[in-house]
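Undergrad: here you go, sequence then predicted model.
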Amino acid sequence: MKLLRLATTLNSTSAPYNQFSLGFKDSIDQTYCSLLKNDISIEDSIDSFHGDGSVLKMIKIVRNLIKQNNFDVVHIHSGVAGVILLIALMPFKISILKKTVFTLHNSWNIIKFRNQILNFIVMLFVRKICTCGNSSKDSIPRLINLFIEKKTISIVNGFDNERIDKIENSKDIDKHFSDDSLIKIVCVGALNNTKNQIALLKALKKITANCEIVFLGDGSNKEDLINFSQQLNSNLNIFFKGRVSRKLTIEHMLEADISISLSNGEGLPIAVLESMYAGCFLILSKIPPHIEIDPPSVRCIFVDASTKLEIVNALYLAIDNIDSIRSGRSISKEYSIKNFGLKNMLREYMNIYTFLLNESI
């Protein structure tokens, strides 16, 4: 099977690459085309092209790829990439839309209005639409569902547990937290209003225990968050390490006691799935994607992220039970693989690809 994958980015946090391309690297002949320049080295078996941020260049690349290759399936991972495909196909290659699938990687309510419009345009034209979970599917407005519901299905996100196992068993794994920290916290995600890191920092003002907190990610709020963190008590060691490789992210999860996501919205967050499997105790905001994950109750506390007292109480509960938290790291592993294993997700997508291939013959 020959597949063209279209996305906006190709970097260390790109789900289209980390989950999909790497997951299918041994079973599908893939070409990855992104609007923005690649900032990581990728598998030799995957051909890659990028538009350097230029839409016009990306259109030209996609048009040439379509002309020179007989792709069996085209998988679109963003509205921007999908509209670029539509333009590249005009006027003589429109029939290729019969073998296209679009993945909605987020919940509709947290997508920027411009991208909602682009997504809707693409969803009208593609053959199949997959959402990253039931909560993502349920977030699509009723009016839009009138046009797309019959071709939309939910496929729950999956994480690569084998990669985590490989990193955990590696002999050269680095140490990222201090041995002097009573409690070690990791917070993974873009530093923006949606991810809501400020709610955690405000709650930490009430914590008197010796804690170490590492933020992994970058974004427009970074400077404000750093400035706020510098006003907190000296018992808190807070580090902003920026966007790091997936390997380093997982290394932090394997070492941390707690993983916290107080996000206002998500798709179905891979970082939460990875940290659950890696053994972190979870403190999660009460939003539909987090509730859909539904970790074992002894390994998770749900909080109202708008209520500082709930976050503070959750932190103190974890601090008071740190020994049992550390001794119970393996509790979530079987649950994670059974419900969110990458192989489950890839199997369902392969069924979609095969359907599109057979239908186009």
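TA: Thanks, I have it.
Undergrad: drop to CA atoms for contacts and neighbour counts, all remaining ones
TA: Will do.
Undergrad: what distance do you get for residue 124 to residue 81?
TA: 14 Å (CA to CA, to the nearest Å).
Undergrad: helix, strand or coil: sort out the spatially most distant residue from the centre of the chain for me.
TA: In the chain, counting by CA atoms, centre = their mean, residue 92 sits farthest out from the average C-alpha position, at 35.1 Å. Under DSSP: H, G, I helix; E, B strand; the rest coil, the three-state class of residue 92 is coil.
Undergrad: per-residue confidence for it?
TA: Note on residue 92: pLDDT of 87.
Undergrad: contacting residues for it?
TA: Residue 92 makes no contacts at all, as judged by CA atoms under 8 Å, 6 or more residues apart in numbering.
Undergrad: hey, where'd the strands end up in the stretch 201-350 of the chain?
TA: Secondary structure of the stretch 201-350 of the chain (DSSP state E, counting those that start in this stretch): strands at 211-216, 236-240, 258-261, 281-285, 300-303.
Undergrad: sorry, back to before: between residue 124 and residue 81, which one's more packed in?
TA: residue 81 (27 against 14; other CA atoms under 10 Å).
Undergrad: so is that one in a helix, a strand, or just coil?
TA: helix.
Undergrad: my guess is it meets residue 9, correct?
TA: No - using CA atoms under 8 Å, residue 81 is not in contact with residue 9; the gap is 9.7 Å.
Undergrad: so which bits of the helix ranked longest in the chain are buried?
TA: Across the chain, the longest stretch assigned as helix under DSSP state H is helix 342-360. For helix 342-360, burial by neighbour count (16 or more other CA atoms under 10 Å) applies to 342-346, 349, 352-354, 356-357.
Undergrad: distance of residue 111 relative to residue 144?
TA: Taken as CA to CA, the span from residue 111 to residue 144 is 14 Å.
Undergrad: let me see the ranges of the helices in the stretch 1-150 of the chain.
TA: 15, 22-23, 55-68, 79-89, 113-125, 134-138, 142-148 (DSSP state H, counting those that start in this stretch).
Undergrad: and of those, who's closest to residue 279?
TA: Ranking the helices of the stretch 1-150 of the chain by their distance to residue 279 (criterion: CA to CA) puts helix 15 first, at 21.4 Å.
Undergrad: so how far is the closest one off the chain centroid?
TA: Here helix 15 shows a centroid-to-chain-centroid distance of 5 Å under the convention CA atoms, centre = their mean, to the nearest Å.
Undergrad: which residues of this structure score low on pLDDT?
TA: 361 (pLDDT under 70).
Undergrad: quick check: domain ranges of it?
TA: In terms of domains, the chain is parsed into 2-158+341-360, 161-340 (source: automatic domain parsing).
Undergrad: distance between the ends of the last one?
TA: When you say that, I think you mean domain 161-340. End to end - CA to CA - domain 161-340 spans 9 Å.
Undergrad: try the shortest one
TA: In domain 2-158+341-360, first residue to last residue: 13 Å (CA to CA).
Undergrad: residues contacting the closest residue to residue 300 other than its chain neighbours?
TA: Nearest-residue entry for residue 300: residue 282, 4.5 Å, with adjacent residues in sequence omitted and distances by CA to CA, 6 or more residues apart in numbering. By CA under 8 Å, 6+ apart, the contact set of residue 282 is 258-261, 272, 275-276, 299-301.
Undergrad: got those residues as a markdown table, with distance to residue 185 columns?
TA: Formatted as a markdown table, the contacts of residue 282 follow (distance: CA to CA, whole Å):
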| residue | distance to residue 185 |
| --- | --- |
| 258 | 5 |
| 259 | 6 |
| 260 | 7 |
| 261 | 11 |
| 272 | 13 |
| 275 | 11 |
| 276 | 13 |
| 299 | 14 |
| 300 | 14 |
| 301 | 14 |
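Undergrad: same list (those residues) but as CSV, adding neighbour count.
TA: Formatted as CSV, the contacts of residue 282 follow (neighbours: other CA atoms under 10 Å):
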residue, neighbour count
258, 28
259, 27
260, 25
261, 27
272, 24
275, 29
276, 28
299, 20
300, 21
301, 21
